[in-house]
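Chemist: Here is my input; please provide its structure:
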Amino acid sequence: MKWFVKEGSVVREIWGKADTILFIFAGASAEFAVNKSVDWLYFTGKLPADPLGRLFSTVSYARRIVFSEHQAALKAIDQISAIHREVEHKRGAQIPDWAYRDVLFMLIDYSIRSFELLERKLTANERTEVFEVFQQVGARMGIRGLPENYNSWLEMRNKQLDDNFVKSSFSVDLYKQYKKHLGSPRYLMLREVQVQIVPRQVRELLALRRWSALTLILPTYKFTRILHLHKLVRGLILPEKYKVEIAGLDAI
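Modeler: Got it, this is the predicted structure:
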């Protein structure tokens, strides 16, 4: 059987652990809030109505692609494209290529950042592998202007972070929705993860502190994983609605 992501790939390791995916989710929630194309996410009303569900949908699609057989993964990517075309048709406008690239770049970046924060530093070849998997996704979607290699992506990512983000009324409203749907204690935890994981440009736009309490908490959390207590700890900080979903994200 031909897999979209080969067995033994570090990408499977990254997307096979719920903890890593939750950190990717935290980073994505910050970037969605300050991306200049966030109005597209507000157009259907799904994001403000259920921001956690909308974000989990994004990472769940990515995870489904990573662990699918090649043809099934292509079908999932085509479904994503069809969903976006429907939104474009309803709005009577086209989502710009740079907005598609922003989401793709976000998944590449937070895959790397999350794994390195929770596990270990990736090698240069492993980072390239992460890039190549999501570059294939973007190519299948027909996104124009994609970088050809990891180094080109790194340059484009840095430029994107400088050019494509701004704090707006959408940003303020989305964070209000995060707090409403998470509750204050879990919302504070989300912010702590974001402090630790987001790039400087995003952190500054959101007025996040430079230092996170997570710096002290993470070593203890990693120790609970050795004792297999991390799922219990994870359960204490997640909304009841998503506990079953998140438990199902552990593939390895």
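
Chemist: From now on I want contacts and neighbour counts done on CA atoms only, so please keep to that.
Modeler: Will do.

Chemist: contacting residues around Lys36?
Modeler: Asn164, Phe165, Val166 (Cα atoms under 8 Å, 6 or more residues apart in numbering).

Chemist: And for Leu55?
Modeler: Phe25, Ala28, Ser29.

Chemist: Tell me where the stretch 101-250 of the chain has helices.
Modeler: 124-141, 150-163, 169-182, 184-197, 200-205, 214-226, 230-237, 240-247 (DSSP state H, counting those that start in this stretch).

Chemist: Pipe the contacts of Leu55 into JSON lines and attach distance to Ala73, secondary structure and neighbour count per row.
Modeler: As requested, those are exported to JSON lines (distance: Cα to Cα, whole Å; DSSP: H, G, I helix; E, B strand; the rest coil; neighbours: other Cα atoms under 10 Å):
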{"residue": "Phe25", "distance to Ala73": "21", "secondary structure": "helix", "neighbour count": "25"}
{"residue": "Ala28", "distance to Ala73": "22", "secondary structure": "helix", "neighbour count": "22"}
{"residue": "Ser29", "distance to Ala73": "24", "secondary structure": "helix", "neighbour count": "22"}
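
Chemist: Looking at these, which one is closest to Arg64?
Modeler: Phe25 (14.9 Å; Cα to Cα).

Chemist: Work out the gap between stretch 157-169 and the centre of the chain.
Modeler: Chain-centre distance of stretch 157-169: 16 Å, with Cα atoms, centre = their mean, to the nearest Å.

Chemist: Span of it from start to end?
Modeler: Stretch 157-169 has its terminal residues 24 Å apart, counting by Cα to Cα, to the nearest Å.

Chemist: Counting neighbours, which bits of it end up buried?
Modeler: Arg157, Gln160, Leu161, Phe165, Val166, Lys167 (16 or more other Cα atoms under 10 Å).

Chemist: So for it, mean pLDDT?
Modeler: Mean per-residue pLDDT for stretch 157-169: 95.

Chemist: now swap in stretch 110-120 and tell me
Modeler: pLDDT averaged over stretch 110-120 gives 93.

Chemist: ok, now stretch 85-96?
Modeler: pLDDT averaged over stretch 85-96 gives 90.

Chemist: what's the weakest-modelled helix or strand in the chain?
Modeler: helix 230-237 (a mean of 55; mean pLDDT, DSSP states H and E).

Chemist: what residue ranges in the stretch 101-250 of the chain score low on pLDDT?
Modeler: 221-250 (pLDDT under 70).

Chemist: redo that, cut-off 80
Modeler: For the stretch 101-250 of the chain, the stretches flagged by pLDDT under 80 are 212-214, 216-250.

Chemist: Return the distance of Asn158 relative to Ser152.
Modeler: From Asn158 across to Ser152, the span is 10 Å (Cα to Cα).

Chemist: Can you report phi and psi for the nearest residue to Glu126 once chain neighbours are set aside?
Modeler: Among residues not flanking Glu126 along the chain, Val10 sits closest, at 6.5 Å (Cα to Cα, 6 or more residues apart in numbering). The phi/psi pair for Val10 (degrees, to the nearest 10) reads phi -70, psi -20.
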